[in-house]
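Chemist: Quick one: sequence and predicted model below, then my questions.
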Amino acid sequence: DTEVTQTPKHLVMGMTNKKSLKCEQHMGHRAMYWYKQKAKKPPELMFVYSYEKLSINESVPSRFSPECPNSSLLNLHLHALQPEDSALYLCASSQGPPGANYGYTFGSGTRLTVV
Amino acid sequence: DQQVKQNSPSLSVQEGRISILNCDYTNSMFDYFLWYKKYPAEGPTFLISISSIKDKNEDGRFTVFLNKSAKHLSLHIVPSQPGDSAVYFCAASSGSSNTGKLIFGQGTTLQVKP
């Protein structure tokens, strides 16, 4: 299995909803990442987990809450989002610890629309 | 402050010819560079990478060249195929930062015409 699987592929949520994005990989990768990509913009890092511990939070608003239940799973809990949070949310994993210059494997993303 | 720049938003080439995508960076701490390809509604797919200790890396039709003094890298695709039509992102990281953070360029949309 050489994939990063993200669910759901599409999500529409209201500003008062609570939802979660899920990411799963079975490659034994020990670093996992959440990126956000707005239309016609490059992906921007949100969070880094290394060995199941949060190592980087790029000043992301608290309405985004990451969780890493085990080495294969990464969640992003969403609450009270704003329409400007609508974007493609990408999960990625890498073989080595962050900084070891391993290439990422990206999932296909979750297209989130906040109404 | 955009540390990785892809100044050409789009590029169109004929099938069979060479595609050259360019990328410039400003942070001299970057020591690892990657190219990703992205189709609409999909995540980026890793293509090829290069460490700052090298100036060239080749993988099949794809070759990446790194000019550290100019802080410039380029991706050559030879021969170009219609299936190569996609958005190409250049990305850079700094091993010394130990964050694993990739900084992406704005992307270049490549169209390969049959």
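Modeler: Alright, I've got the coordinates.
Chemist: Which neighbouring elements make contact with the worst-scoring helix or strand of chain A on mean pLDDT?
Modeler: Least confident helix or strand, chain A: strand A:104-106 with a mean of 89, by mean pLDDT, DSSP states H and E. Where contact means 3 or more C-beta pairs under 8 Å, 6 or more residues apart in numbering or on different chains; DSSP states H and E, strand A:104-106 is packed against strand A:87-94, strand B:45-51. For glycine as for every other residue, the C-beta is placed from the backbone atoms N, C-alpha and C.
Chemist: name the helices or strands packed onto the longest one?
Modeler: Read it as strand A:87-94. The helices and strands touching strand A:87-94, judged by 3+ C-beta pairs under 8 Å, 6+ apart, are strand A:4-7, strand A:18-25, strand A:31-37, strand A:73-79, strand A:104-106, strand A:110-114.
Chemist: which stretch among those comes nearest B:Ser12?
Modeler: strand A:31-37 (23.6 Å; C-beta to C-beta).
Chemist: Now look at the closest one and say if it contacts chain B.
Modeler: Yes - using C-beta under 8 Å from any C-beta of the partner chain, strand A:31-37 reaches chain B at A:Ala31, A:Tyr33.
Chemist: Where does pLDDT dip in the chain?
Modeler: With no chain named, the answer covers chain A. A:1, A:96-102 (pLDDT under 70).
Chemist: Not quite, go with chain B.
Modeler: Low-confidence segments of chain B (pLDDT under 70): B:1, B:96-99.
Chemist: how about a cut-off of 90?
Modeler: Low-confidence segments of chain B, defined by pLDDT under 90: B:1-2, B:29, B:31-32, B:39-43, B:46, B:51, B:93-102.
Chemist: Close to chain A: what parts of it are there?
Modeler: B:4, B:31-32, B:34, B:36, B:41-46, B:49, B:51, B:89, B:93-102, B:104-107.
Chemist: Which ones among those residues lie within strands?
Modeler: Among the residues of chain B next to chain A, the members found in strands (DSSP state E) are B:Val4, B:Tyr32, B:Leu34, B:Tyr36, B:Thr45, B:Phe46, B:Ser49, B:Ser51, B:Phe89, B:Ser93, B:Phe104.
Chemist: Just confirm the second one contacts B:Ala92, I think it does.
Modeler: Yes - counting by C-beta atoms under 8 Å, a contact exists between B:Tyr32 and B:Ala92, whose distance comes to 7.0 Å.
Chemist: circling back to that earlier point, describe which strands the least confident helix or strand of chain A pairs with in its sheet and in which direction.
Modeler: Looking at strand A:104-106 with DSSP bridges, its partner strands are strand A:87-94 (antiparallel).
Chemist: ok, the closest residue to B:Glu42 other than its chain neighbours - how many residues close by?
Modeler: Leaving aside its sequence neighbours, B:Glu42 sits nearest to A:Ser108 (C-beta to C-beta, 6 or more residues apart in numbering or on different chains; 5.1 Å). Number of residues near A:Ser108 (other C-beta atoms under 10 Å in any protein chain shown) recorded here: 20.
Chemist: A:Ser108 - that's part of a strand, no?
Modeler: No - counting by DSSP: H, G, I helix; E, B strand; the rest coil, A:Ser108 is not found in a strand; it is coil.
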